[in-house]
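J.: this is a predicted model, with the sequence first.
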Amino acid sequence: MFDYIIVGGGSAGCVLAGRLSEDPAVRVALLEVGPADSSVLIHCPAGLAVMAKYELHGWGYSTVPQPGLNGRRGYQPRGKVLGGSSSINAMIYARGHAQDYDSWAAQDNPGWSFADVLPYFKRSEHNERGADALHGQGGPLNVMDLRCPNPFLPSFVEAGRQAGYRLNPDFNGPEQEGVGIYQVTHRNGERFSAAKAYLTPHLGRPNLQVITNALTTRVLTETLNGRPHAVGVDYRPEKGRGALQTLRLKPDGEVLLSAGAFGSPQLLMLSGIGPADHLREHGIGLVHDLPGVGENLHDHPDVVMVVDAPKVTDLFGLSVTGAVNMLKGIFEWRSRRSGPLTTNFAEAGGFIKSAPDEAIPDLQLHFVVGKLVDHGRKTVFGHGYSCHVCLLRPRSRGTLRLASADPQVAPLIDPAFLKDPDDMARLLRGFKLVRRLLQQPALARHGGQETAASRHAQSDAQIEQFIRNHADTIYHPVGTCRMGADAGAVVDARLRVHGVSGLRVVDASVMPSVVGGNTNAPVIMMAEKATDMIRDDRRAAVA
């Protein structure tokens, strides 16, 4: 019998498990479908390139065919390991813009304005630069400047300045706009995931049970006071192949779903909580008709421009020089935790406006020293550099639906990329701005040439077709269990599932709209805030 059962050992789940188990009087269980985070590819920052290419430690999901991408299926990796996507991501620490959170609060979500959430960002953070009005020290999550930044980065930053953008040393500071070098979630030359920050130091707590390789199949409910009430979960150990097991809650306990923007709505629907007609299609008994489950799926669409620059020696370009650099890098990282393998690849970038009259940046850049084809999943010969541009606040909305009542079958993921014409218009303008930036003297002097894949795209119609043929996600799906008070919302402002007691969702799926930046830091913040809400509600119930 547990006070809290947490489903999903990703960023939010690790925070919840670590924080809630601080109270020795409560028992906490954490279920994660993947293994422990023991792989060197996780702890070595540069290992993310190998994990991305070979779909290691992650769900290698694909979308349904996307009309906006000329019928292509998009790639949708999600972490399948303790730490979740924080164990396989590019480790950028970015919060988004203050207006993102003010917008959440304005959508009937009191307590989620930037002024409300800033204390939780600060509480989670240990920024090696020091504490100030916007940053914290002493928190579990280590944030630092790159230990061994690529020596080519100043060329990109200077090119940004030449293109008219301000230099920004802190994208989480007073102003988001500008170009610069990202801070990362590293410590001492290693990745510092949510698992390493919040979970690993506390695995010895007697009141915390962590169960890995366990596939949760449904949330168990009973009727209490005339409505469904969560009483536990069923799961299968051994990655879903073992005999069915059950974890039960104490009478005043809670099930906390932190399985992500795909896993949480899938599990709700498998448990009979979701759109009634859709559940009937799959023969799932209805527990509670909640039409918003799986709606509002959206993500940051992203396209990459690649420059062939033989004189720029990156770490993973296939050449004799690249192989020598790789061997040297492996030795240096193993012996001193320094050198080129401490890279997160997307070391520099920026936040810019697609048009001068935009109130806040609507585009984000990720600059990579290396030739990224198919987002780095294809082997490329030679050397160069690449620049992503992603749309920060897409208008397009899609769905997450069940493909089967079998929990081992991947759901149907439809982010509806570029369905809204405004999304394409902004991304097209962003493509032109990136091209202009990469043509500035600071980069042009290295003699690089835009690769043939994009070089032919000069007219707006040609650029649009290039985008439709090459765009994909930048790995930030959100919104499928939207927070709000209207009929389409799934959880309330305290993240409690509407119409079902004893059940909350705490992960990126509850975001009403995606933040203008990378999503890992915001999810950690949300779980920190959820911890306080869970404790407060428990105290109020006892009183």
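T.: Yes, it's here.
J.: distance of residue 224 relative to residue 249?
T.: Distance, residue 224 to residue 249, by Cβ to Cβ, to the nearest Å: 12 Å. Where you see a C-beta, it was placed from the backbone N, CA and C, and this is true even at glycine.
J.: those two: who's more crowded?
T.: residue 249 (22 against 13; other Cβ atoms under 10 Å).
J.: tell me the SS of the more buried one?
T.: strand (DSSP: H, G, I helix; E, B strand; the rest coil).
J.: look up how far residue 73 lies from it.
T.: 39 Å.
J.: next: residue 540.
T.: For residue 540 relative to residue 73 (Cβ to Cβ), the value is 47 Å.
J.: ditto for residue 135
T.: Taking Cβ to Cβ as the measure, residue 135 falls 40 Å from residue 73.
J.: compare these two (neighbour count), which wins?
T.: residue 135 (20 against 14).
J.: show the pLDDT at residue 319.
T.: For residue 319, the pLDDT comes out at 69.
J.: offset the numbering so it begins at 13, please.
T.: Noted, 13 is the first residue going forward, which turns the last one into residue 331.
J.: name the element residue 434 belongs to?
T.: helix 433-450 (DSSP states H and E).
J.: now residue 307: how far from residue 47?
T.: From residue 307 across to residue 47, the span is 32 Å (Cβ to Cβ).
J.: cool, residue 548 as well?
T.: As judged by Cβ to Cβ, residue 548 and residue 47 stand 34 Å apart.
J.: so those two - more neighbours on which side?
T.: The residue with more neighbours, out of residue 548 and residue 47, is residue 47; 15 against 11, by other Cβ under 10 Å.
J.: spit out the contact partners of that one.
T.: Listed by Cβ atoms under 8 Å, 6 or more residues apart in numbering, the contact set of residue 47 reads 69, 93, 94, 224, 225.
J.: rerun that using 6 Å as the cut-off
T.: With contacts defined as Cβ atoms under 6 Å, 6 or more residues apart in numbering, residue 47 is in contact with 93, 224, 225.
J.: want to throw these into CSV with pLDDT, secondary structure and neighbour count?
T.: Output for those, formatted as CSV (pLDDT from 0 to 100; DSSP: H, G, I helix; E, B strand; the rest coil; neighbours: other Cβ atoms under 10 Å):
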residue, pLDDT, secondary structure, neighbour count
93, 98, coil, 27
224, 98, coil, 17
225, 97, coil, 17
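J.: closest to residue 265 among these?
T.: For the contacts of residue 47, the residue nearest residue 265 by Cβ to Cβ is residue 224; the value is 21.4 Å.
J.: my read: that closest one touches residue 44, true?
T.: Yes: Residue 224 lies in contact with residue 44 (Cβ atoms under 6 Å); the separation is 5.0 Å.
J.: pLDDT score for residue 328?
T.: 59.
J.: what about the strands in the stretch 413-555 of the chain?
T.: 424-426, 461-462, 484-485, 515-517 (DSSP state E, counting those that start in this stretch).
J.: okay, these, which one's buried deepest?
T.: strand 515-517 (a mean of 27; mean count of other Cβ atoms under 10 Å).
J.: which strands and helices sit next to that one?
T.: Here strand 515-517 touches strand 257-269, going by 3 or more Cβ pairs under 6 Å, 6 or more residues apart in numbering; DSSP states H and E.
J.: tally of neighbours for the closest residue to residue 321 other than its chain neighbours?
T.: Residue nearest to residue 321 in three dimensions, not counting chain neighbours: residue 460, with 3.3 Å by Cβ to Cβ, 6 or more residues apart in numbering. When neighbours are defined as other Cβ under 10 Å, residue 460 has 20 of them.
J.: that's a strand at residue 65, yeah?
T.: No: applying three-state DSSP, one finds residue 65 to be helix, outside a strand.
J.: so how far is residue 86 from residue 76?
T.: Taking Cβ to Cβ, one finds residue 76 at 9 Å from residue 86.
J.: look at these two and report which has more neighbours.
T.: Neighbour tally, residue 76 and residue 86, criterion other Cβ under 10 Å: the higher count belongs to residue 86, 22 against 16.
J.: tell me the pLDDT at that one?
T.: 96.
J.: spatially nearest residue to it (excluding sequence neighbours)?
T.: Nearest to residue 86 is residue 75, by Cβ to Cβ, 6+ apart, at 4.1 Å.
J.: and that neighbour, what does it touch?
T.: Taking Cβ under 6 Å, 6+ apart, we find residue 75 in contact with 85, 86, 88, 425.
J.: 10 Å instead?
T.: Neighbouring residues of residue 75 by Cβ atoms under 10 Å, 6 or more residues apart in numbering: 81, 84-88, 309, 311, 410, 424-429, 484-485, 489.
J.: that one and residue 88: what is the separation?
T.: Distance from residue 75 to residue 88, by Cβ to Cβ: 6 Å.
J.: give the residues shared as contacts by the two.
T.: Contacts common to residue 75 and residue 88, judged by Cβ under 10 Å, 6+ apart, are 311, 425, 427, 484, 485, 489.
J.: isn't the second one up against residue 272?
T.: No: using Cβ atoms under 10 Å, residue 425 makes no contact with residue 272, being 11.5 Å away.
J.: common neighbours of the two, please.
T.: Common neighbours of residue 425 and residue 272 are listed as 90, 278, 489, 492 (criterion: Cβ under 10 Å, 6+ apart).
J.: so the last one touches residue 302, yeah?
T.: Just to be clear, that refers to residue 492. No: counting by Cβ under 10 Å, residue 492 sits too far from residue 302 to count as a contact (11.7 Å).
J.: between the two, what contacts are shared?
T.: Residues touching both residue 492 and residue 302 by Cβ under 10 Å, 6+ apart: 277, 280, 502.
J.: what residues does the first one make contact with?
T.: So the one you mean is residue 277. By Cβ under 10 Å, 6+ apart, residue 277 lies in contact with 269, 271, 285-286, 302, 304-309, 411-414, 423, 491-494, 502, 517, 521.
J.: what secondary structure does it sit in?
T.: Of the three states, residue 277 takes helix according to three-state DSSP.
J.: shared neighbours, residue 76 and residue 86?
T.: 425, 426, 427.
J.: per-residue pLDDT of the second one, please?
T.: For residue 426, the model assigns a pLDDT of 98.
J.: in a helix, residue 25, correct?
T.: Yes: under three-state DSSP, residue 25 falls within a helix.
J.: give the closest residue to it in space, chain neighbours not counted.
T.: Closest residue to residue 25 apart from its sequence neighbours, by Cβ to Cβ, 6+ apart: residue 270 at 3.8 Å.
J.: ok, that neighbour - contacts?
T.: Residue 270 sits next to 18-29, 42-44, 96, 276, 516-521, 535, 538-539, 542 when contact means Cβ under 10 Å, 6+ apart.
J.: what mean pLDDT does stretch 276-292 get?
T.: Stretch 276-292 comes out at a mean pLDDT of 98.
J.: span of it from start to end?
T.: 19 Å (Cα to Cα, to the nearest Å).
J.: which parts of that stretch are buried?
T.: For stretch 276-292, the neighbour count (16 or more other Cβ atoms under 10 Å) marks 276-287, 290-291 as buried.
J.: just put those residues in TSV and tack on distance to residue 211.
T.: Shown next, in TSV, are the buried residues of stretch 276-292 (distance: Cβ to Cβ, whole Å):
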residue	distance to residue 211
276	19
277	24
278	23
279	21
280	24
281	28
282	25
283	25
284	30
285	27
286	29
287	34
290	34
291	33
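J.: now residue 273: which helix or strand?
T.: Using DSSP H and E, residue 273 sits within helix 272-282.
J.: does the nearest residue to residue 292 once chain neighbours are set aside count as helix, strand or coil?
T.: Nearest residue to residue 292 in three dimensions, chain neighbours excluded: residue 298, at 7.3 Å (Cβ to Cβ, 6+ apart). Using three-state DSSP, the secondary structure recorded for residue 298 is coil.
J.: who are the contact partners of residue 298?
T.: Residue 298 touches 284, 285, 286, 287, 288, 289, 291, 292, counting by Cβ under 10 Å, 6+ apart.
J.: quick one: the third one from residue 413, how far?
T.: Using Cβ to Cβ, one obtains 9 Å as the distance from residue 286 to residue 413.
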